[in-house]
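J.: what follows is a predicted protein model with its sequence.
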Amino acid sequence: MSVEIELKFIVSPEAIATLPERFAAWPNQHSAPQKLTNIYFETADNFLRQQDMGLRIRGYDDSYEMTLKTAGSVVGGLHQRPEYNVAISEPELVLKEFPADIWPQDCNLAQLQNALLPLFRTDFVREKWVVTYGKSEVEIGLDQGEISAGDLSEEICELELELKCGETGDLLALATVLAEQGGLRQGSLSKAARGYHLAQGNAERELRPLAVLKTVPKSTVEQGMVAAFELALSHWQYHEELWLRGDKQARRAVIEAVALIRQALVIFGGLVPRKASADLRARLTTLEPLLIDKTTQPQVLCYSTEYLQCKLALTSWLITGAWRPFIDAKSQAKLDGSFKRFSDIMLSRSAAELKEAFARSLNDDEYQEQLPRLTRQVLSFILLSGAYPDNEARPYIENWRELQSAVAERRQGGYDAVRKQALSHVPFWLNGAIR
């Protein structure tokens, strides 16, 4: 078994020609382009997808390899997934060649193999460079071709950076330097994920409302903080894809994701010094005006240097734990404390701020002045309410969300009724059982 650590990028057509020149800036070994074919398999009831597994046969020259990827993690465009590879003589599945303990309990391999069918395929040319950067070796693969499932297809134009040996920080630093000339964007969807979507008919992807953050039981404050930023980045990545595919409403969700990052920095700002996130905050400040500008075209912004480097700054901050060198023993003890207890305290502060802001009837201008504060605290509720059942937290949050929508849409006649309803709702965290 090996664990891949790699970054995936989508490349604009204009940037492809400049890539070899960029890689030449560092010591590197170049490999000639090679044609690759991957055939992905699945059962009629999507058994592998339900187990978060992916199975393929890869062919190159006269050699074949069977690969099984099992459940892993993705933060931004950084993918980490256990991978099992078995050389085979023919392009035919032989599942028994994989380690027996990687399969779900009670899985009948013979029945599974008989049920597996080709689902989609990828055909592309890969050109590779192994670059020495810092103390590490990073394999860079440029893939150009297409994904096909029946009559449906999508273009492949991707760049993958895989850490062969060394430090993850070097991989991220190399990506940041490559981003300087533009033409790249982080890709959250693997070739396989895109292929599965094509095989299912390529239905239009729908907008996703920002859901309350759910953390693992008994999370520490630090675990809750990491989960908060991962939620924001996931929301960003998903809706970026929709925005680029023509859904203009998805831009609001991208803006919402960036606002969520800002609010997470505020929530945990009492424990993590501002200097620990100085670079990230600076890049957010550069990006935010570009996102808010309604004339901005996603095909331009999402491939820009400012956009990518902001996302890479957040990805790097999370993956490397960049706040830790700035944390003293006292702050670390607080970060090791209960996220549930921390959330209760912060929820009370958010509620008190809203109660003060909306204690009386306001005119329209005053409501507009309070809208940024209201938006920030709604985001706080989303990040801090996950320890409680949805049926307790949702009504409280939805009341404040409805006031937020009414003010944003300037539905003046309904302000006061919604305001009073939100203020009258009993705080759920004061009555919830300790968990």
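T.: That came through fine. Residues are numbered from 1 along each chain as shown.
J.: for the stretch 51-200 of the chain, what spans make up the strands?
T.: 54-60, 63-69, 73-75, 78-88, 117-133, 136-149, 152-165, 184-186 (DSSP state E, counting those that start in this stretch).
J.: quick one, the longest one and strand 54-60 angle?
T.: Taking axes from the mean of the first three to the mean of the last three CA atoms, to 10 degrees, one finds strand 117-133 and strand 54-60 inclined to each other by 70 degrees.
J.: ok, back up a step: out of the strands of the stretch 51-200 of the chain, which comes closest to Ala24?
T.: Nearest to Ala24 among the strands of the stretch 51-200 of the chain is strand 117-133; the distance by CB to CB comes to 8.9 Å. C-beta here means a position set from N, CA and C on the backbone, and glycine is covered the same way.
J.: for the closest one, name the packing helices and strands.
T.: Helices and strands touching strand 117-133, as assessed by 3 or more CB pairs under 8 Å, 6 or more residues apart in numbering; DSSP states H and E, comprise helix 19-23, strand 28-42, strand 136-149, strand 152-165, helix 168-178, helix 191-199.
J.: which residue lies nearest the spatial centre of the protein?
T.: Nearest to the geometric centre of the chain sits Ser234, at 2.9 Å (CA atoms, centre = their mean).
J.: and that residue, what is it in contact with?
T.: Contacts of Ser234 were listed using CB atoms under 8 Å, 6 or more residues apart in numbering, and they are Ser188.
J.: now the helix or strand where it lies, how far from the chain's geometric center?
T.: For Ser234, the host element (DSSP states H and E) is helix 221-244. For helix 221-244, the separation from the chain centroid amounts to 5 Å (computed by CA atoms, centre = their mean, to the nearest Å).
J.: residues in contact with stretch 342-359?
T.: With contacts defined as CB under 8 Å, 6+ apart, stretch 342-359 is touched by 221, 224, 267, 334, 370, 373-374, 377, 380-381, 384-387, 400, 403, 419, 422-423, 427, 429-430.
J.: for Lys96, which non-adjacent residue is spatially closest?
T.: Leaving aside its chain neighbours, Lys96 sits nearest to Leu109 (5.8 Å; criterion: CB to CB, 6 or more residues apart in numbering).
J.: tell me, how many residues neighbour the one you found?
T.: Counted with other CB atoms under 10 Å, the burial measure for Leu109 works out to 13 neighbours.
J.: so, low pLDDT: which residues of the stretch 251-400 of the chain?
T.: Within the stretch 251-400 of the chain, no stretch has pLDDT under 70.
J.: mind listing the helices for it?
T.: Taking DSSP state H, counting those that start in this stretch, the helices of the stretch 251-400 of the chain run over residues 278-292, 298-301, 305-320, 329-335, 339-357, 364-384, 390-408.
J.: out of the ones you listed, which is the most enclosed?
T.: Looking across the helices of the stretch 251-400 of the chain with neighbours counted as mean count of other CB atoms under 10 Å, the highest average goes to helix 305-320: a mean of 21.
J.: give the contact list for Trp26.
T.: 131-133, 174.
J.: out of these, which are buried?
T.: 131, 133, 174 (16 or more other CB atoms under 10 Å).
J.: from Leu287, how far out is the residue nearest to Glu256 when sequence neighbours are not counted?
T.: The spatial neighbour of Glu256 that comes closest, neighbours along the chain excluded (CB to CB, 6+ apart), is Leu210 at 6.0 Å. Spatial separation of Leu210 from Leu287 under the definition CB to CB, to the nearest Å is 19 Å.
J.: repeat for Gly201
T.: Distance of Gly201 to Leu287, computed by CB to CB: 35 Å.
J.: ok so, going back, in TSV, list the buried ones among the contacts of Trp26 along with pLDDT and distance to Gln299.
T.: Listed next are those as TSV, based on pLDDT from 0 to 100; distance: CB to CB, whole Å:
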residue	pLDDT	distance to Gln299
Val131	96	28
Tyr133	96	29
Leu174	95	25
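J.: list just the nearest of those residues to Tyr415.
T.: Distance to Tyr415, by CB to CB, is smallest for Leu174 among the buried ones among the contacts of Trp26, at 51.4 Å.
J.: my guess is the closest one contacts Val138. True?
T.: Yes. Because the distance of 5.7 Å satisfies CB atoms under 8 Å, Leu174 is recorded as touching Val138.
J.: common neighbours of those two, please.
T.: Overlap between the contact sets of Leu174 and Val138, as judged by CB under 8 Å, 6+ apart, is given by 131, 161.
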